[in-house]
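Student: Let me see the structure of the following:
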Amino acid sequence: MAWTEKDIPDLSGRTAVVTGANGGLGFQTALALAGAGAHVVVAARDGAKTTAAVARIAQRYPAASLEIVPLDLGDLSGVSAAAGAVLARHERVDLLVSNAGVMAMPQRATADGFEMQFGVNHLGHWALTAHLLPALLAAPAARVVTVTSTARHRARRLDPDDPHMAAGYGAWASYARAKMANLHFGLGLQQRFARAGVAASSLVAHPGLSNTDLQARSVREGGAGWVGAFFEALTARSGMTPFEGARPQLRAAADPRAHGGELYAPRFGSHGPAVRRPVLRRVGLQEQIDVLWEVSERETGIPLRVPAA
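Tutor: This next block holds a predicted model:
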């Protein structure tokens, strides 16, 4: 029988932080976790959109426990402030779902000078996870879920000498590389949790072809070209709903049978029920994880090291 959000166990007493939770997959993730009893920190950039999203969740679940934390993943000072707000209110964080992201944008830079897609999709979440690490380790068995994409299969290796693609930028090449970084981050974080002997775990999920605003926004931004227009039309016609597309990351976050280092995705790649899928492209995987750690620490100035239990 297919796993759905109805299989999420009671999450009362647990705190979940969901990035990009004011729309699309993030909203559906926050909605399901709140419905299961978790206290959900809705971490997102657009204040008005976030307020409206929280109102929608509260309308569906009047007893929901919700909290808004402004989060701009394209500004490390803002990420630090958001994490500080979470840590000031919560001694522990049981779930961190790193869902927010941008796709196929024209070449732009974050507030810190990072290439926008690598900066928002990966480096911003790197910093957030590092800042929240004490609260994650204080939980009995925290989970960190990082959202990737099948676009990672088209990614080139991260160049430590040009991590921001100053030479040869391409909107889709940048997106693919950022999504590969998400995969490598999730796997690398699990390695560090395991080595430290802590109870926390790190998992990865991808939503398949889901009809959210991500495709339309990439077209509006002007960097996606004909490929973006094609995928916008394809997802509008045959993509899964955000409700369905959120199930892989929800399963990674909440299924008691899920374990660190696993990847959850639609059974048929782009569509289907949320299932555990194999991690492919293992040749050179460890080297790429190590390069990502080196580049991420160097660029952000924020180490991510898990102390031994």
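Student: hey, let's count contacts and neighbours off CA atoms from now on
Tutor: OK.
Student: residue ranges with poor pLDDT in the chain?
Tutor: Along the chain, segments meeting pLDDT under 70 span 211-239.
Student: Select the longest helix from it.
Tutor: Assignment by DSSP state H gives helix 171-196 as the longest helix of the chain.
Student: which helices and strands does that one pack with?
Tutor: Contacts defined by 3 or more CA pairs under 8 Å, 6 or more residues apart in numbering; DSSP states H and E place helix 171-196 against helix 116-118, strand 143-147, strand 201-205, helix 285-300.
Student: all strands for the chain, in order.
Tutor: For the chain, strands defined by DSSP state E occupy the ranges 15-19, 39-44, 65-70, 95-98, 143-147, 201-205, 263-266, 274-277.
Student: And the helices and strands packed on helix 171-196: which comes nearest residue 190?
Tutor: Closest to residue 190 of the helices and strands packed on helix 171-196 is strand 201-205 (CA to CA; 4.8 Å).
Student: which residues are in contact with the closest one?
Tutor: Here strand 201-205 makes contact (CA atoms under 8 Å, 6 or more residues apart in numbering) with 141-149, 182-183, 186-187, 189-190, 193-194, 248-249, 252-253, 259-265.
Student: How far does that strand sit from its chain's centre?
Tutor: Distance of strand 201-205 from the chain centroid (CA atoms, centre = their mean, to the nearest Å) equals 10 Å.
Student: Check the burial of the nearest residue to residue 249 once chain neighbours are set aside by counting its neighbours.
Tutor: Leaving out its chain neighbours, the residue that sits closest to residue 249 by CA to CA, 6 or more residues apart in numbering is residue 205, at 5.1 Å. Residues lying near residue 205 (other CA atoms under 10 Å) number 33.
Student: try residue 65
Tutor: Residue 65 has 18 nearby residues by other CA under 10 Å.
Student: again with residue 13
Tutor: 10.
Student: Same check on the one 10 residues further on?
Tutor: When neighbours are counted by other CA under 10 Å, residue 23 registers 20.
Student: Identify the residue spatially nearest to it, adjacent ones excluded.
Tutor: residue 53 is the one closest to residue 23 (CA to CA, 6+ apart), at 7.1 Å.
Student: thinking again about what came up before, who wins for proximity to residue 307 among the strands of the chain?
Tutor: Of the strands of the chain, nearest to residue 307 by CA to CA is strand 201-205, at 14.1 Å.
Student: Tell me what angle that closest one forms with strand 143-147.
Tutor: For strand 201-205 against strand 143-147, the angle by axes from the mean of the first three to the mean of the last three CA atoms, to 10 degrees is 20 degrees.
Student: my guess is residue 43 meets residue 71, correct?
Tutor: Yes - judged on CA atoms under 8 Å, residue 43 makes contact with residue 71 at a distance of 5.4 Å.
Student: of the two, who's got more company?
Tutor: residue 43 (28 against 25).
Student: which residues sit against stretch 52-66?
Tutor: By CA under 8 Å, 6+ apart, stretch 52-66 touches 21-23, 27, 31, 34-35, 37-42, 68.
Student: try 10 Å this time
Tutor: 12, 15-16, 21-23, 27-28, 30-42, 47, 49-50, 67-68 (CA atoms under 10 Å, 6 or more residues apart in numbering).
Student: Just the buried ones from those residues?
Tutor: Using 16 or more other CA atoms under 10 Å as the burial test, these include 15-16, 21-23, 27-28, 30-42, 50, 68 as buried.
Student: follow-up on the earlier one: quick check: the residue nearest to residue 23 vs residue 91, distance?
Tutor: From residue 53 across to residue 91, the span is 25 Å (CA to CA, to the nearest Å).
Student: For residue 39, give the beta-bridge partners.
Tutor: Beta-bridge partners for residue 39, by DSSP bridges, are residue 15, residue 65.
Student: Wait, it touches residue 12, no?
Tutor: Yes - assessed by CA atoms under 10 Å, residue 39 is found in contact with residue 12 at 7.5 Å.
Student: how close does residue 288 sit to residue 247?
Tutor: Residue 288 is 28 Å from residue 247, by CA to CA.
Student: Next, count neighbours for residue 280.
Tutor: Residue 280: 8 neighbours (other CA under 10 Å).
Student: between residue 53 and residue 91, who's got more neighbours?
Tutor: residue 53 (20 against 15).
Student: got a list of what the residue lying closest to residue 307 once chain neighbours are set aside touches?
Tutor: Spatial nearest neighbour of residue 307, excluding adjacent residues (CA to CA, 6+ apart): residue 196 at 6.1 Å. Contacts for residue 196 (CA under 10 Å, 6+ apart) come out as 190, 305-309.
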